[in-house]
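S.K.: Sequence unavailable; structure follows:
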């Protein structure tokens, strides 16, 4: 069997793997089980929180009935620990019959009847990270077809219990196999996270050809330190990561943990703002049945979502890093607009940060400013100094409407920054001040 697999891989080695599924032209949004519910399979003693069809039905009902679906949160994603420990007599994966008595196809149809989509998890190693059956090379085609038969809409392919050689073969092969089913299935690859996230081990050009999104870095935990650790890595490596993102292909810094236990309200707004600037997938991992009103307001903020979902699909960047602990982030948006985030790394007290749009390299003009989280609008000339008061570990987020037509250039070419996106006499993109 191994010889047959190797022969198949060699035969496909000259094929250009292109992910031509037309999906996820903006970052996908929805709900994902892992961070909040992990691998809880003790349904006898913890029926409300165990990984079972009831949990996913509950979350689907909340998405459909509490205003989430209309904002774009449409994916309900099963993570690890859903499967039976044994494949069926035909070699196919099967769900645990006690926890998913209706089966995955019935669950998918429950989602579809409510205008939602179902995502599922697999692993290209011998086992999943939680010890359940994996999808090694010789099982890729049958598993891809199984997911299509179940009417699954998204597939996350993890990399536990596999090596670099198997990953190099398996991730492209799964992309081809999913496309061959004829069913549009969004494809999330964990490949770069297992190879350090950076070139030369990670080929982001290839990833954009085979995956809709990919996990670049480690798993998020329910803490501010974890959010900051991930964000710092992404912005420290922004010149590598930004060119990789585009409609249909996204860097994924992992789940939104807003509404759990580890973040304050200011920190929750900060995660929402930074993930919007990064054009990150917005997969909540929380309990939508008990989420606080404050967390819901942040996650349902229409302007923050519209910034994240901007159709240009250009990932934003950090442009200012002050000794005071204030940082400024910027993202170009469609309709000649942009987004700014003023973020405080301080832990002591609110900081009054003074600057002007001209100092951030905006050109002459009068700009319409909308404060995303305070729901207030104003007009600001480029030359006018302004002060924003930023709470400790908090943000101020602005949507900035440009007053004149932008002279756009290619933002990135050949994977390298090509200089300002806009001509110097137009409303310019701020350069990096780092």
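M.R.: Looks like it came in fine. Since the structure is predicted, the reported quantities are computational estimates derived from the model, not experimental observations.
S.K.: Would you state the helices of this structure in chain order?
M.R.: Taking DSSP state H to define them, one finds helices in the chain at 2-12, 34-37, 53-65, 68-71, 103-113, 140-149, 164-180, 191-194, 204-210, 224-236, 238-241, 265-277, 293-299, 302-308.
S.K.: any low-confidence regions in the protein?
M.R.: 1-19, 404-434 (pLDDT under 70).
S.K.: Nearest to residue 20 among the helices of the chain would be which one?
M.R.: helix 164-180 (6.8 Å; Cβ to Cβ). No exception for glycine: its C-beta is placed from N, CA and C like everyone else's.
S.K.: before we move on, the earlier item: please identify which of the helices of the chain is closest to residue 343.
M.R.: Comparing the helices of the chain by Cβ to Cβ, helix 265-277 comes nearest, at 6.2 Å.
S.K.: follow-up on the earlier one: let me have the helices of the chain in a markdown table, extended by mean neighbour count and distance to residue 283.
M.R.: What follows is these, written out as a markdown table (neighbours: other Cβ atoms under 10 Å; distance: least, Cβ to Cβ, whole Å):
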| stretch | mean neighbour count | distance to residue 283 |
| --- | --- | --- |
| helix 2-12 | 12 | 31 |
| helix 34-37 | 22 | 9 |
| helix 53-65 | 20 | 12 |
| helix 68-71 | 18 | 12 |
| helix 103-113 | 18 | 15 |
| helix 140-149 | 21 | 18 |
| helix 164-180 | 20 | 19 |
| helix 191-194 | 24 | 15 |
| helix 204-210 | 18 | 18 |
| helix 224-236 | 18 | 14 |
| helix 238-241 | 20 | 18 |
| helix 265-277 | 24 | 10 |
| helix 293-299 | 17 | 11 |
| helix 302-308 | 20 | 12 |
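S.K.: Reformat these as CSV; add distance to residue 317.
M.R.: Listed next are the helices of the chain as CSV, based on distance: least, Cβ to Cβ, whole Å:
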stretch, distance to residue 317
helix 2-12, 36
helix 34-37, 26
helix 53-65, 31
helix 68-71, 26
helix 103-113, 35
helix 140-149, 36
helix 164-180, 27
helix 191-194, 19
helix 204-210, 16
helix 224-236, 7
helix 238-241, 5
helix 265-277, 8
helix 293-299, 23
helix 302-308, 14
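S.K.: Could you say which one of those helices comes nearest to residue 89?
M.R.: helix 140-149 (12.8 Å).
S.K.: In terms of secondary structure, what does that closest one contact?
M.R.: Applying 3 or more Cβ pairs under 8 Å, 6 or more residues apart in numbering; DSSP states H and E, one finds that helix 140-149 makes contact with strand 117-123, helix 164-180.
S.K.: Mind putting these into JSON lines with distance to residue 381?
M.R.: Below are these laid out as JSON lines (distance: least, Cβ to Cβ, whole Å):
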{"stretch": "strand 117-123", "distance to residue 381": "45"}
{"stretch": "helix 164-180", "distance to residue 381": "49"}
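S.K.: Which one of the helices of the chain lies nearest to residue 133?
M.R.: So among those, helix 140-149 is nearest, using Cβ to Cβ, at 9.4 Å.
S.K.: show me what contacts the residue nearest the centre of the chain?
M.R.: In the chain, the residue lying closest to the centroid (Cα atoms, centre = their mean) is residue 281, at 2.3 Å. By Cβ atoms under 8 Å, 6 or more residues apart in numbering, the contact list for residue 281 reads 27, 28, 29, 213, 250, 252.
S.K.: Same list, those residues, but as TSV with distance to residue 178 please.
M.R.: Formatted as TSV, those follow (distance: Cβ to Cβ, whole Å):
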residue	distance to residue 178
27	19
28	15
29	21
213	14
250	17
252	17
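S.K.: what's the closest of the residues you listed to residue 287?
M.R.: Of all these, the one with the least separation from residue 287 (Cβ to Cβ) is residue 29, at 17.6 Å.
S.K.: Surely that closest one touches residue 283?
M.R.: Yes - the pair residue 29 and residue 283 qualifies as a contact (Cβ atoms under 8 Å) at a distance of 7.2 Å.
S.K.: Compare these two (neighbour count), which wins?
M.R.: residue 283 (28 against 23; other Cβ atoms under 10 Å).
S.K.: Break this protein into its domains for me.
M.R.: Domain assignment for the chain, taken from automatic domain parsing, gives 2-308, 317-417.
S.K.: Now do the first one: distance to the chain's middle.
M.R.: Looking back up the chat, that one is domain 2-308. 9 Å (Cα atoms, centre = their mean, to the nearest Å).
S.K.: Equivalent analysis for the shortest one, please.
M.R.: Shown here is domain 317-417, whose average C-alpha point lies 22 Å from the average C-alpha point of the whole chain (Cα atoms, centre = their mean).
S.K.: 3 is where my numbering starts, stick with that
M.R.: Okay, residue one is now 3; in that scheme the one you just asked about reads as domain 319-419.
S.K.: What separation do you get for residue 294 and residue 270?
M.R.: 10 Å (Cβ to Cβ, to the nearest Å).
S.K.: Could you tell me which residues touch both of the two?
M.R.: residue 261.
S.K.: picking that back up, mind checking how far the residue nearest to the centre of the chain is from residue 132?
M.R.: 22 Å.
S.K.: What of residue 181?
M.R.: According to Cβ to Cβ, residue 181 stands 27 Å off from residue 132.
S.K.: now do residue 322
M.R.: For residue 322 relative to residue 132 (Cβ to Cβ), the value is 42 Å.
S.K.: swap in residue 241?
M.R.: On the measure of Cβ to Cβ, residue 241 and residue 132 end up 35 Å apart.
S.K.: now residue 176
M.R.: Residue 176 is 19 Å from residue 132, by Cβ to Cβ.
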